[in-house]
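Novice: how would this look folded up:
(chains A and B)
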There are 2 protein chains.
Amino acid sequence: MTEQRTRRRVRGGGGAARRAERTAVRIEAAKYIERNIPNLEMLDEAALQIIEHNAETVLEEIGVNFVDNPEALEIWRKAGAMIDGERVRIPRGLARKLCETAPSKFTQHARNPERNVEIGGDSLVLAPVYGPPFVRDAEGGRRYATMEDFTKFVKLGYMSKYLHHSGGTVCEPTDVPVNKRHLDMLLTHMLYSDKPFMGSVTEPSRAQDSVEMCEILFGKDFVQENTVMTSLINVNSPLTFDSIMMGAMEIYARNNQACILSPFIVGGAMSPVSVMGTLTQVLAECLAGIAYSQLIRPGAPVIFGCFVTSIDMNSGAPTFGTPEATQILNGAGQLARRLNLPFRSGGGLCGSKLPDAQAAYETAHTHNAALFGGVNFMLHACGWLEGGLVASFEKFVMDADQLGILHRLAAGVPTDENAQAMGAIAEVGPGGHFLGCEHTQSNFKEAFWHTDLLDYKPFETWEEEGARDTVALATARVAKLLTDYQQPALDPEIAQKLQAYVQAKKDSTPDSFL
Amino acid sequence: MTEQRTRRRVRGGGGAARRAERTAVRIEAAKYIERNIPNLEMLDEAALQIIEHNAETVLEEIGVNFVDNPEALEIWRKAGAMIDGERVRIPRGLARKLCETAPSKFTQHARNPERNVEIGGDSLVLAPVYGPPFVRDAEGGRRYATMEDFTKFVKLGYMSKYLHHSGGTVCEPTDVPVNKRHLDMLLTHMLYSDKPFMGSVTEPSRAQDSVEMCEILFGKDFVQENTVMTSLINVNSPLTFDSIMMGAMEIYARNNQACILSPFIVGGAMSPVSVMGTLTQVLAECLAGIAYSQLIRPGAPVIFGCFVTSIDMNSGAPTFGTPEATQILNGAGQLARRLNLPFRSGGGLCGSKLPDAQAAYETAHTHNAALFGGVNFMLHACGWLEGGLVASFEKFVMDADQLGILHRLAAGVPTDENAQAMGAIAEVGPGGHFLGCEHTQSNFKEAFWHTDLLDYKPFETWEEEGARDTVALATARVAKLLTDYQQPALDPEIAQKLQAYVQAKKDSTPDSFL
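Specialist: Modelled structure (predicted):
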């Protein structure tokens, strides 16, 4: 199932759906990126072969633990692994062989087919920050995230031209019980955006809820035949697969839904304090996890994930945008491509507490590393702050603007006759200027990328307007996008069914904040 | 003269020189970068051939102007070009042929031989911002630059571990007459730093003064045999070579001193509003200018320069860190390598008025583009602000810290047994942690790059310490570096002769601020 292009009609009551469609405002949205430039390959063939050899040694001699999961152990035993307690030792070559049934590329469908994304090959899909318990903005400072914040972020994501994906836990809505917040989050993605989204992974039952809500949104048959969610399965590094994450992955794989199998590593703490050692462990963990997904359902879509950063040995804090993080990202991309699998890594990562210069340096390094390192699915592309503890409203729109740069770079350089501009050079000649020439007049609108946020004004104008820094400009942009936001059309009958499902689920269980 | 490794003794009075040497404090300074990673090649062979063909067409059919320079016209005529007024039309292939005598790599000597740099091949030499008439710091805001500011920047450059070069006009000391400031600037580079530096280009006579001061510092014979200055010759784009810049280049080339031949282009104003068209013009201008340097003295060291950025068509302002600027930089690097010439481009370029997130995004994009695009000499590596109108004290140390990242990335990934860390993975096993293991203990100090500036502290500590942003941290670092600064030792006799030369020159001419 490399390219399922199944089209579907707008489901549910046709009249109401069409009416909703007519009144909707069209929001500008860029297509997912298709790279037209080569990847940067930082590791040479010899280094890659060493890592691949060593990763197989790790799987065979050290093995991985599947914790609290006797069924998984049984599945592995049948597949040919050696089981010793919860330890699974995988003979050299077996995991790699099992990974071969995973598709190299798949389509994740959105409820608006124009927002479908291809994940794998030369594509790059951009998704927002995932997971922060706190939010920050210039006015309110740093505080626990709420459902109101979550909804605002989903709206901002929908309004962000260069963001292809609505994401998952854009922030943790801490005012909703832990065992119910996945319902509200999914409902919000479904109602307030028409971009693709991620499912819940914090309990297998919540993954099941996610599948059932998608069956309401997309139709039951459609979900079984197509991928409509891409969900994040973290490995408990080093070399440990816990039953909660694996339980969620089992449900998604059985339902043909995509998972990102991601070692989550602070190098030096959860892996060796070296790039080669860390990459070896990343590959071993991905091989084991992806192989397991294929044992659950051969052909289930899965992404080779890598969330790895370095550690500050003074403070023990994870650090972002560092050269070692770039090297690991780049090497992991090479390893994923050699497995013919889609590749995921982080996007706008930073350690800074504020959306200041540090945040931007670190974010730009990670954005560049991900673009040139062949990432197919970039989580945390915008809004990430303070090592992932904070989702920042200002940084969300700052980073989202930067993503336009990645689109342009990936497109490569046009080389046609118009781009060669030999007529313009002849027309203007030595000492002239190009501002008024015909070629400039007919090309300037599309020729260069244009920011929607950054300041390009003359110094005097900028000063008169209050000498605003990037954060101040971003505060204004957040407000404008939220004011301009208009909800995308959805068949009211489907919306009602989704709301009823969520209400019934909530009513049937007591609240839990654990 | 690809690799002149001539060593020289410490010149001048031996006893005094040795005494000065003994009392000097050793400042940590990284060696220039030698890349161990591949370049990113954004343009394919077909695109490069189109540009090369078109550039020859431009030279042959349109030609270039050598303004107010009858001798240059005569030199070109003798070399085989067609002269028509000040227009020089160069037959296809002639300029490229003439460029062949330029060295692919050369050594620029510093007065401290440990600071010598190799320019060309896989090397990357980092030099500070050049040219701003204004300075900015958090305390004093934006103001005209003075000689005091200039001296502070030279001291900061000397104290910056990752900066290999003291630069040239780090800012314009506007309190010194225009016709004399080159003397003070050169003297400051010579006295307050022992890193290599650039000569004056604003008048041929000032280039001559620069050569004469170097003869005092290095010895007359040494200067004739070795390159001790790399100076910046801008082309008056499009396709125009003025007599001032060419006059300075003639003096440097005759004295075996290096020039950077740099088209200075805001794309859309001084070149076509397209990447291909701009690259065609860049190549034509570099071919003509470098060929001319070789007509002056075959073998004179010269760098293929490219200072090109895009324009904001709304405001007419130059923009930095944009995708088109990256594409042009990358393509120009490919063109320079095909000519077997050293390549120069910009470093930490940005358009922002403040050292804020915009400045850092734009700077990091340019730093990455230059590293991966094969730049050999990076001017403006640190301190550049507001499109080059401002030299920022804070941004100088912020960017200089970032340059450590480029060193690490360029070094590539170590792959030896220690780096593979298989023992550590076996020792720790599934579910363990690496912080305490032997491999971590013996490697953590050197394993990961460590910032000297950015904040990696826990949130609570950071808040208690005043919740400082990057600029506030940088203000403190500027003050610390200037306090810690100690002048590098120089033979007092040489220092005296240099001061006397400057004084005599100043006394012999009336001040001019034009």
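Novice: near chain B, which residues of the stretch 151-300 of chain A are found?
Specialist: Of all the residues in the stretch 151-300 of chain A, those in contact range of chain B (CB under 8 Å from any CB of the partner chain) are A:236, A:238-240, A:267-277, A:280-281. Bear in mind the C-beta positions are built from the backbone N, C-alpha and C, glycine included.
Novice: which SSE is whichever residue of the stretch 151-300 of chain A sits closest to chain B in?
Specialist: Nearest to chain B, among the residues of the stretch 151-300 of chain A, is residue A:277, at 2.9 Å (CB to the nearest CB). If you go by DSSP states H and E, residue A:277 is part of helix A:275-296.
Novice: now the element after that helix, going C-ward?
Specialist: Sequence-wise, the next helix or strand beyond helix A:275-296 is strand A:302-311, with elements assigned using DSSP H and E.
Novice: who does that next one touch, helix- and strand-wise?
Specialist: Contacts of strand A:302-311 with other secondary structure elements, assessed using 3 or more CB pairs under 8 Å, 6 or more residues apart in numbering or on different chains; DSSP states H and E, are made with strand A:230-235, strand A:258-266, helix A:275-296, strand A:318-319, helix A:323-338, strand A:343-346.
Novice: between the ones you listed, which one is nearest to residue A:398?
Specialist: Distance to residue A:398, taken as CB to CB, is lowest for strand A:343-346 among the helices and strands packed on strand A:302-311, at 16.5 Å.
Novice: check whether the following helix or strand past that closest one comes near chain B.
Specialist: Reading on from strand A:343-346 to the C-terminus, the next helix or strand found by DSSP H and E is helix A:357-372. Yes: Helix A:357-372 lies in contact with chain B when judged by CB under 8 Å from any CB; the contacting residues are A:357, A:358, A:359, A:360, A:361, A:362, A:363, A:364, A:365, A:368, A:372.
Novice: give me the neighbour count for residue A:78.
Specialist: Look at residue A:78: counted by other CB atoms under 10 Å in any protein chain shown, it has 9 neighbours.
Novice: tell me, what's the model's pLDDT at it?
Specialist: Reading off the confidence values, residue A:78 has pLDDT 98.
Novice: the helix or strand it falls within: what's the following helix or strand?
Specialist: Using DSSP H and E, residue A:78 falls within helix A:70-79. Scanning forward in sequence from helix A:70-79 by DSSP H and E, the next helix or strand is strand A:82-84.
Novice: in that following strand, what's buried?
Specialist: Residues of strand A:82-84 classed as buried: residue A:83 (neighbour count, 16 or more other CB atoms under 10 Å in any protein chain shown).
Novice: roughly how far does the closest residue to residue A:514 other than its chain neighbours sit from residue A:242?
Specialist: Distances taken as CB to CB, 6 or more residues apart in numbering or on different chains put residue A:178 closest to residue A:514, at 6.2 Å, once the chain neighbours are dropped. Computed as CB to CB, to the nearest Å, the residue A:178 to residue A:242 distance reads 17 Å.
Novice: give the residue spans of the stretch 1-150 of chain A that score low on pLDDT.
Specialist: Within the stretch 1-150 of chain A, the set of residues satisfying pLDDT under 70 comprises A:1-26.
Novice: okay, helices next: where are they in the stretch 351-500 of chain A?
Specialist: Listed in chain order, the helices of the stretch 351-500 of chain A (DSSP state H, counting those that start in this stretch) span A:357-372, A:393-411, A:417-420, A:422-428, A:438-447, A:459-464, A:470-484, A:492-507.
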